[in-house]
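S.K.: just to be clear, the model below is a prediction. Sequence and coordinates:
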There are 4 protein chains.
Amino acid sequence: MPRTEDANQVIREERRHQILKSAAQVFARQGYVGTRIEDIAAAADSSKGLLYHYFAGKEEVFNTLIAMIEAGVRHLFEEAQRLDASPGERLRWLIEREVLGFEQQAQMFPVVLQALVSDSVPDEARDLALGMGRRSQVVMREWIAAGQQSGEIIEGDPDQLALLLITCINGLAVTAAMSLPSGPSAVESLMRLLLRPSQ
Amino acid sequence: MPRTEDANQVIREERRHQILKSAAQVFARQGYVGTRIEDIAAAADSSKGLLYHYFAGKEEVFNTLIAMIEAGVRHLFEEAQRLDASPGERLRWLIEREVLGFEQQAQMFPVVLQALVSDSVPDEARDLALGMGRRSQVVMREWIAAGQQSGEIIEGDPDQLALLLITCINGLAVTAAMSLPSGPSAVESLMRLLLRPSQ
Amino acid sequence: MPRTEDANQVIREERRHQILKSAAQVFARQGYVGTRIEDIAAAADSSKGLLYHYFAGKEEVFNTLIAMIEAGVRHLFEEAQRLDASPGERLRWLIEREVLGFEQQAQMFPVVLQALVSDSVPDEARDLALGMGRRSQVVMREWIAAGQQSGEIIEGDPDQLALLLITCINGLAVTAAMSLPSGPSAVESLMRLLLRPSQ
Amino acid sequence: MPRTEDANQVIREERRHQILKSAAQVFARQGYVGTRIEDIAAAADSSKGLLYHYFAGKEEVFNTLIAMIEAGVRHLFEEAQRLDASPGERLRWLIEREVLGFEQQAQMFPVVLQALVSDSVPDEARDLALGMGRRSQVVMREWIAAGQQSGEIIEGDPDQLALLLITCINGLAVTAAMSLPSGPSAVESLMRLLLRPSQ
DNA sequence: TATGAATGAGTTTTCATTCAT
DNA sequence: GATGAATGAAAACTCATTCAT
């Protein structure tokens, strides 16, 4: 009965996704340690037992989540890279996309924040998050340096500027985590940190 | 003969302070939920039992810590208010002081961050932290408005600008929590968000 | 396939009952404070964790137990009330039934005793027990007064006589708690306190 | 300086007595396990440390208390024995004295009750209390037998009658522990259990 | 004699994980 | 695939007891 197996496959995928989505929300609110398996299961309209069918445990759920986000960000950078635009425009596009929060999944930023900041998180997740941060910095530094060449971006150590940018993006993530709207012009304003005043 | 009342008073004060200081460090690293009473006790060279002699529990330690920080920030604002300086200079002074982390207590920023972002934190602590944020925004908005009058600060909704500023300060806190140095000119650069290019 | 809802229902009922039954025995021997959760769990062939699956804690177990006893006594009084018998015979029947200890549950008397006497018992339990005592006294007073009308019961303040009766029943509970047999004629003898010598 | 030592001796005696008196009150309310050393110390206007100067620990305080009560009851029986009165009158006198509660120390009854009933009490204390009960029963049985000889006391197994009497006395202790007044005629009424109706 | 800071063993409570159905 | 009863290791908390002063 291949038909049934296909159907099962679909059900499996949907369940996995449903669990991850719910987990992101709960993790975002309660933190990694503060979230109980039961909380995730309840949020996903599932049972504890079922969750263990799909994941080895809380750790794996969290790691998977971070890995998905990491992949999303990596993809975002690649997209930006392919953009036919100036370095400054690339940066703006990227930040806007990040702040929009990977389409529907705005609640995921705080999850990354935790992975970055807390010691009480699986090593794998923290490594992924830190690596993502480091790679972002490297790429941004290159874009910034390029922008400085063309005069689009202000002078200064590109590394420091990249770090400052990431710092501000993290700040936006915190603001979002507090359910405060950053305001439509926030990204616009932030760009002032980099862009040379167009005379 | 029992110890004199004074001697006991001194011992108590010192212990309490020692516990709070250690707690701030551990909370900063491991988060509120991720921190075990025993971790705090060990960091303070104390025993679990003694900690309960001085505090009702983890919650009270955390609340006390947040309250202390809140008092510190409040005091910082009052100091800045008394400064004989322009609004912009006041803001710069305040942010520098905040980023320095109230003198020796640099590890405390991440603790506030958690109180702001996480649901798994005592209500009292979160309320204190949110109130502190709201009050900061109000005062900063006033300063910004004043700076706009004198032409020192750029145009724009003062409320939005204040929120943006707080957002960036939070970002600096995240960066600090990751043990990354923000760079000496970070505050300088941030001021570019507000100050009208002198020219 | 998961267990059917019905099967789970049965399991839950049985477990709860098993825990309560064991708890009554342990509480009777060791007192409320002297009983550790682990003692109850062990007596019920369960684990600590499972006990918390069914009850919020020691307090809830105790309160539930007292509530059950209270319901049992209330039912006993109703039964006695429906008895086609003289007031004195009603009293005798009631006391006999109480001393027998509500069928199989002889160990429960000492549990109530504690709720009546000790401050270190949940408020809810003490209130239930005190209320039960007060209500018993009220009903007994009425029966006694009726018995006095018909000449079956000796003269005297019905309230005082009712209290005396309850006092003696409590004494029987103490004796039972010491694992001493009160003797088959104890109730018979006690009735001499009330009944007018048949000539 | 013998004077000082004498004074010290007096102070010591007073302290010990003060502690025991307070302990009796607290034990009566909260039970042996439910009472913390600190509770006793506070009730005695003392400190934990000082309590350990006078007693080896909680156990010793409790045992001492029971031993004092046991001695008091033993003395009561001896006094009653020396009374120039009929067996029935002796019993009545004894019960009245017990119910009055050894002069000022009414709160001690519940303490004995606990020693009799609870497993969570030092062995020594329980043995003392049980022994006291057994000896009481023996003596009462003799008095009852003597009263039966003289026709003062009703027929029946003297052992059973003695036990019934003790049962009722325990009941009075419970009633007292609930701070209910037994009524002035309670003892009088109880005697009806034993005394042959004076025709 | 007197105190209360300090300790750590013992309890309560929570929760990730297992497993019979 | 799905459930939730059951377990036990780990964390929170209490309190008898010690001891420096």
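M.R.: Thanks, I have it.
S.K.: give me the element A:Gln137 is part of.
M.R.: helix A:123-149 (DSSP states H and E).
S.K.: that helix vs DNA strand E: in contact?
M.R.: No. Using Cβ under 7 Å from any atom of the strand, helix A:123-149 stays clear of DNA strand E, with a minimum separation of 13.7 Å. Where C-beta positions appear, they are placed from N, C-alpha and C, glycine not excepted.
S.K.: mind exporting the C-alpha coordinates of the next helix or strand after that helix to PDB?
M.R.: Toward the C-terminal end, the helix or strand that comes next after helix A:123-149 (DSSP H and E) is helix A:158-177. C-alpha atoms of helix A:158-177 as PDB (Å, rounded to 0.1, in the frame of the first residue of the first chain):
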ATOM      1  CA  PRO A 158      34.900  47.900   8.700                       C
ATOM      2  CA  ASP A 159      35.100  45.200  11.400                       C
ATOM      3  CA  GLN A 160      33.900  47.600  14.100                       C
ATOM      4  CA  LEU A 161      31.200  48.900  11.900                       C
ATOM      5  CA  ALA A 162      30.000  45.400  11.100                       C
ATOM      6  CA  LEU A 163      29.900  44.600  14.800                       C
ATOM      7  CA  LEU A 164      28.000  47.800  15.500                       C
ATOM      8  CA  LEU A 165      25.500  46.800  12.900                       C
ATOM      9  CA  ILE A 166      25.000  43.400  14.300                       C
ATOM     10  CA  THR A 167      24.700  44.900  17.800                       C
ATOM     11  CA  CYS A 168      21.900  47.100  16.500                       C
ATOM     12  CA  ILE A 169      20.200  44.200  14.800                       C
ATOM     13  CA  ASN A 170      20.300  42.300  18.100                       C
ATOM     14  CA  GLY A 171      18.800  45.300  19.800                       C
ATOM     15  CA  LEU A 172      15.900  45.200  17.300                       C
ATOM     16  CA  ALA A 173      15.500  41.600  18.200                       C
ATOM     17  CA  VAL A 174      15.200  42.500  21.900                       C
ATOM     18  CA  THR A 175      12.700  45.200  21.100                       C
ATOM     19  CA  ALA A 176      10.700  42.800  19.100                       C
ATOM     20  CA  ALA A 177      10.900  40.200  21.900                       C
END
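S.K.: how distant is helix A:158-177 from the center of its chain?
M.R.: 13 Å (Cα atoms, centre = their mean, to the nearest Å).
S.K.: what about A:Ala7, distance to D:Arg134?
M.R.: Remark: distance between A:Ala7 and D:Arg134 (Cβ to Cβ, to the nearest Å) = 78 Å.
S.K.: what residues does chain A have near DNA strand F?
M.R.: By the rule Cβ under 7 Å from any atom of the strand, the part of chain A lying against DNA strand F is A:8, A:11-12, A:15, A:46-50, A:52-53.
S.K.: which PyMOL command selects the buried ones in those residues?
M.R.: The PyMOL selection below is limited to those of the residues of chain A next to DNA strand F classed as buried (16 or more other Cβ atoms under 10 Å in any protein chain shown):
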select buried, chain A and resi 15+46
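S.K.: same list (the residues of chain A next to DNA strand F) but as CSV, adding pLDDT.
M.R.: As requested, the residues of chain A next to DNA strand F are arranged in CSV below (pLDDT from 0 to 100):
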residue, pLDDT
A:Asn8, 79
A:Ile11, 84
A:Arg12, 85
A:Arg15, 91
A:Ser46, 94
A:Ser47, 94
A:Lys48, 95
A:Gly49, 94
A:Leu50, 95
A:Tyr52, 96
A:His53, 95
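S.K.: list the buried ones in the helix or strand hosting A:Ala80?
M.R.: Assigned by DSSP H and E, A:Ala80 belongs to helix A:58-82. Residues of helix A:58-82 classed as buried by neighbour count (16+ other Cβ under 10 Å): A:58, A:61-66, A:68-70, A:72-73, A:76-77, A:80.
S.K.: wait, does the helix or strand of chain A with the lowest mean pLDDT contact chain B?
M.R.: Between all helices and strands in chain A, the lowest mean by mean pLDDT, DSSP states H and E belongs to helix A:108-117, at a mean of 83. Yes. For helix A:108-117 and chain B, the contact criterion (Cβ under 8 Å from any Cβ of the partner chain) is met by A:110, A:113-114, A:116-117.
S.K.: now the angle between helix B:5-34 and the longest helix anywhere in chain A, please.
M.R.: In chain A, taking DSSP state H as the definition, the longest helix is helix A:2-34. Using axes from the mean of the first three to the mean of the last three Cα atoms, to 10 degrees, the direction of helix A:2-34 lies 170 degrees away from that of helix B:5-34.
S.K.: anything in helix A:2-34 near chain C?
M.R.: No. Helix A:2-34 stays clear of chain C (Cβ under 8 Å from any Cβ), getting no nearer than 15.2 Å.
S.K.: quick one: distance of that helix to the chain centre.
M.R.: Using Cα atoms, centre = their mean, the offset of helix A:2-34 from its chain centre is 18 Å.
S.K.: then stretch A:119-135?
M.R.: 12 Å.
S.K.: give the buried residues for that stretch.
M.R.: In stretch A:119-135, counting by 16+ other Cβ under 10 Å, buried: A:120-122, A:124-126, A:128-129, A:132-133.
S.K.: interface residues of chain A facing DNA strand E?
M.R.: Contact residues, chain A versus DNA strand E (Cβ under 7 Å from any atom of the strand): A:35-38, A:48-49, A:52, A:57-59.
S.K.: related to what we said a few turns ago, would you turn the residues of chain A next to DNA strand F into TSV with distance to D:Ile154?
M.R.: Formatted as TSV, those follow (distance: Cβ to Cβ, whole Å):
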residue	distance to D:Ile154
A:Asn8	85
A:Ile11	83
A:Arg12	84
A:Arg15	81
A:Ser46	74
A:Ser47	69
A:Lys48	68
A:Gly49	70
A:Leu50	74
A:Tyr52	73
A:His53	77
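S.K.: if we can go back for a sec, distance between the least confident helix or strand of chain A and the chain's centre?
M.R.: With Cα atoms, centre = their mean, you get 8 Å for helix A:108-117.
S.K.: that'll do, ta.
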